[in-house]
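*Asks:* Here you go, sequence then predicted model.
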Amino acid sequence: MLNISHNQLNKKVKLTHYASGKLVFNKRYYRQLNRFLFVFAVIVIIVLFLPWTQNISGQGQVTTLRPDQRPQTIQSQIPGRIEQWYVQEGDSVHKGDTILKISEIKSEYFDDKLVERTNEQIKAKSSSVVAYKGKINALERQVNALLRERELKLEQTENKLLQAKLKIKGDSIDVEAARINEKIAKTRYDRAVTLEKEGLAAVKDVEEKRLKLQETQAKLISLENKYLANKNDIINAQIELSRTKATYADKISKAQSDMFTAQSSQYDTEAQVTKLENQYTNYKVRSGLLYILAPQDGFINKALKGGIGETFKEGEQLVSIMPSNYELAVESFVRPIDLPLIHIGEKVRIEFDGWPAIVFSGWPNISYGTYGAKVVAIENFISENGKYRILLAPDKDDHEWPKAIRVGSGAKTIALLDDVPIWFELWRQLNSFPPNYYQPEDKNKAAKKK
């Protein structure tokens, strides 16, 4: 009723006196709804004060814990041509099993007996080295013989020179004595001539004194000639000594030159032998590379190069292999803002693709179908997707991961952080605040001890 009339009926007639009016005006409407809203409000208030585990979620994939256990490709160290396959995709192989055979495509390696011929060249060059060593030893003996002969020859020549010096010394004494005798004879002759003029001496005595003087002079001249001849012998001995030194120096130098030439040839041949040995080793190793072997036990995933006769370059991927023995792990990515909250040993819950799970991220104890893990590595450099990579290993204290998980399958990770009330978490989410920063208990204990 709009109550726009001046004659208001409700003031004259009481509707509650009638049965229908009593039913209508005395009935309480929405009682059940009010009760439901009251109970719901109480439950919501209680829930707001329940504990909630803050978490950091991320997307990742299953991988292996160790790098050598991850899927790998096999490459060839040399370029080649596929000749024969010994496996097919899905086969199980052991370490050292032959996967395929290849052949050379470079002309310098076409010779089937390249290794044997290189070995023969090494033997020939080694024989040359031995011959050069023998020649060097012979030249060394020759040089030693010339040195000994030179010593003896020089000693002989020096002895001759010494004899000549001693002889000329004696001749010089004889010459000096002859000069004195010549002076005495001349004095006696002059005295005899004087006495003969005075009549005191006979002519015979004068003639005898003259004869004596002439003999003395002749002897002096003879001794002087002998003295000069002996001086010439000294000069000849000195010349012979110099000639001997020069002659043997030339012979020894020539022998030493031949020896050094032989040594140079020996060293050059040894260098060639070393180079050939290097080539021999390279050829031998290269011949073993014609068979591509399995690096470890595993399964052949995919042949990246197929067919027969197809050529490839060195380092080109040929086949993909998955190791048979591996420890599963999960790599996940977190935002840079959440990275300070992640620590080594942090517990993480994982939901694998293909394994149904009921996840309550804030109540991990009642989550069903998730599996426990721990953080074992945190990347120090940001990845291409703008996030940081963390590596998760199975938690030994939790139940085991499914056996049928394969490397490469997807996984969703939930890192568990601090426990807070739900109202605080809602307030944090509405304000876009990061989770609570905290330090692991082990670090706090270590800090307290310090």
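*Replies:* Yes, it's here.

*Asks:* Quick check, Pro336 in contact with Asn385.
*Replies:* No - with the criterion set as C-beta atoms under 8 Å, Pro336 and Asn385 do not qualify as a contacting pair; they are 11.4 Å apart. Bear in mind the C-beta positions are built from the backbone N, C-alpha and C, glycine included.

*Asks:* can I see the domain layout of this structure?
*Replies:* According to automatic domain parsing, the chain is divided into the following domains: 53-69+326-449, 72-104+290-323, 114-288.

*Asks:* Include mean neighbour count, distance to Val42 and mean pLDDT when you put those domains into JSON lines, please.
*Replies:* Formatted as JSON lines, the entries for those read as follows, by neighbours: other C-beta atoms under 10 Å; distance: least, C-beta to C-beta, whole Å; pLDDT from 0 to 100:
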{"stretch": "domain 53-69+326-449", "mean neighbour count": "15", "distance to Val42": "15", "mean pLDDT": "78"}
{"stretch": "domain 72-104+290-323", "mean neighbour count": "15", "distance to Val42": "57", "mean pLDDT": "91"}
{"stretch": "domain 114-288", "mean neighbour count": "15", "distance to Val42": "80", "mean pLDDT": "81"}
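
*Asks:* Of all those domains, which one comes closest to Asn34?
*Replies:* Judged by C-beta to C-beta, the one of these that comes nearest to Asn34 is domain 53-69+326-449, at 24.4 Å.

*Asks:* Export the domains of the chain as CSV, with columns for distance to Gln32.
*Replies:* Output for the domains of the chain, formatted as CSV (distance: least, C-beta to C-beta, whole Å):
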stretch, distance to Gln32
domain 53-69+326-449, 27
domain 72-104+290-323, 62
domain 114-288, 87
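
*Asks:* Out of those, which gets nearest to Arg31?
*Replies:* Closest to Arg31 of the domains of the chain is domain 53-69+326-449 (C-beta to C-beta; 29.7 Å).

*Asks:* Would you mind measuring from Ser383 to Ile390?
*Replies:* Here the criterion is C-beta to C-beta, to the nearest Å. By it, Ser383 lies 11 Å from Ile390.

*Asks:* same check, this time on Asn230
*Replies:* In this view, Asn230 and Ile390 are 110 Å apart by C-beta to C-beta.

*Asks:* Can you pull the residues that touch both of Ser383 and Ile390?
*Replies:* Each of Phe333 lies in contact with both Ser383 and Ile390 under the rule C-beta atoms under 8 Å, 6 or more residues apart in numbering.

*Asks:* in the stretch 1-150 of the chain, which spans are helices?
*Replies:* Listed in chain order, the helices of the stretch 1-150 of the chain (DSSP state H, counting those that start in this stretch) span 19-25, 31-48, 114-198.

*Asks:* looking at the ones you listed, which is closest to Leu213?
*Replies:* Minimum separation from Leu213 across those (C-beta to C-beta) falls at helix 114-198, 4.1 Å.

*Asks:* Can you tell me which helices and strands the closest one packs against?
*Replies:* Contacts of helix 114-198 with other secondary structure elements, assessed using 3 or more C-beta pairs under 8 Å, 6 or more residues apart in numbering; DSSP states H and E, are made with helix 203-288.

*Asks:* list the helices and strands the helix it packs on packs on?
*Replies:* For helix 203-288, the packing partners by 3+ C-beta pairs under 8 Å, 6+ apart are helix 114-198.

*Asks:* In a helix, Lys396, correct?
*Replies:* No - residue state for Lys396 (DSSP: H, G, I helix; E, B strand; the rest coil) corresponds to coil; a helix is not indicated.

*Asks:* how far does stretch 171-178 sit from the chain's center?
*Replies:* Centre-to-centre, stretch 171-178 and its host chain are 88 Å apart (C-alpha atoms, centre = their mean, to the nearest Å).

*Asks:* now stretch 205-221
*Replies:* The gap between where stretch 205-221 is centred and where its chain is centred comes out at 104 Å by C-alpha atoms, centre = their mean.

*Asks:* My guess is Gln142 contacts Ala255. True?
*Replies:* Yes - contact criterion C-beta under 8 Å: Gln142 and Ala255 qualify, at 4.9 Å.

*Asks:* Pairing partners for the longest strand anywhere in the chain, with directions?
*Replies:* Secondary structure of the chain read by DSSP state E shows that its longest strand is strand 51-64. For strand 51-64, the paired strands and their directions (DSSP bridges) are strand 328-334 (antiparallel), strand 410-421 (antiparallel).
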